[in-house]
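[1] Below is the sequence, then the predicted model.
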Amino acid sequence: MTVKDYEEIISRRMKGARFKHSKNVAKEAVRLAEKYGADVEKAEIAGILHDATKETSEQEQMELIARAGIELSELERSSHKLWHAISGSAFIQVELGIDDEDIINAIRYHTTGRAGMSLLEKVIFVADFTSAERDYDGVDKMRKVADRGLDNAVLEGMGFTIADLAERKLTIAPDTFEGYNELAFIKSNEKNKQK
């Protein structure tokens, strides 16, 4: 299937604003992939598909997750906001036949991030934060950081997520903490070597 085929499938699964967001994430993912050397086609595919199940019922999301053989942790099971990323990765496997692990993981971890992220995973994570229609407080800073370095942008995004969820007294995915700590440790070592 082509990106246009995937775009057509997605357009039938979501309302106008979400579809616009998906197209914007795909466009930003292509830009970031070109800038940082990721696979452009995979970035565009993962970008257009990243929210494939965002407007899908909870029951259908759980069915997709089960069909893909994905086991949810207790925290994941209780954090409904995380489901669309996990069920989205399941959807592209069981419904679209995509078996590319990098695309699957880029969709699965686009909201939480994780330690050991691939280049494509980082591109999709950052593209979701910086797509054209985003207007949250701090988005301009995030876009500037993204243009200066992908790892810096992932670290910034994870830090933003952790602070936001902590302020609202919501659970934080362990993957986010682990990814943040990994990148913060790397950045700290880089600074120490420059001294």
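    Good, I have the coordinates. Numbering: from 1, shown residues only.
[2] Going by neighbour count, which residues of stretch 23-36 are buried?
    Going by neighbour count (16 or more other CB atoms under 10 Å), the buried part of stretch 23-36 is 23, 24, 25, 26, 27, 28, 29, 30, 31, 32, 33, 36. From N, CA and C alone the C-beta is placed, and that goes for glycine too.
[3] Just give the nearest non-adjacent residue to the fourth one, would you?
    Translated: residue 26. Sequence neighbours aside, residue 47 is the residue nearest to residue 26 in space, at 3.3 Å (criterion: CB to CB, 6 or more residues apart in numbering).
[4] can you dump the C-alpha coordinates of the helix or strand harbouring the one you found into PDB?
    Assigned by DSSP states H and E, residue 47 belongs to helix 40-49. Output in PDB follows, covering the C-alpha atoms of helix 40-49 (Å, rounded to 0.1, in the frame of the first residue of the first chain):
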ATOM      1  CA  VAL A  40      11.400   9.300   5.000                       C
ATOM      2  CA  GLU A  41       8.800   6.800   3.700                       C
ATOM      3  CA  LYS A  42       8.600   5.000   7.000                       C
ATOM      4  CA  ALA A  43       8.300   8.400   8.800                       C
ATOM      5  CA  GLU A  44       5.400   9.500   6.500                       C
ATOM      6  CA  ILE A  45       3.600   6.100   7.000                       C
ATOM      7  CA  ALA A  46       4.000   6.200  10.800                       C
ATOM      8  CA  GLY A  47       3.000   9.800  10.900                       C
ATOM      9  CA  ILE A  48      -0.200   9.300   9.000                       C
ATOM     10  CA  LEU A  49      -1.100   6.200  11.000                       C
END
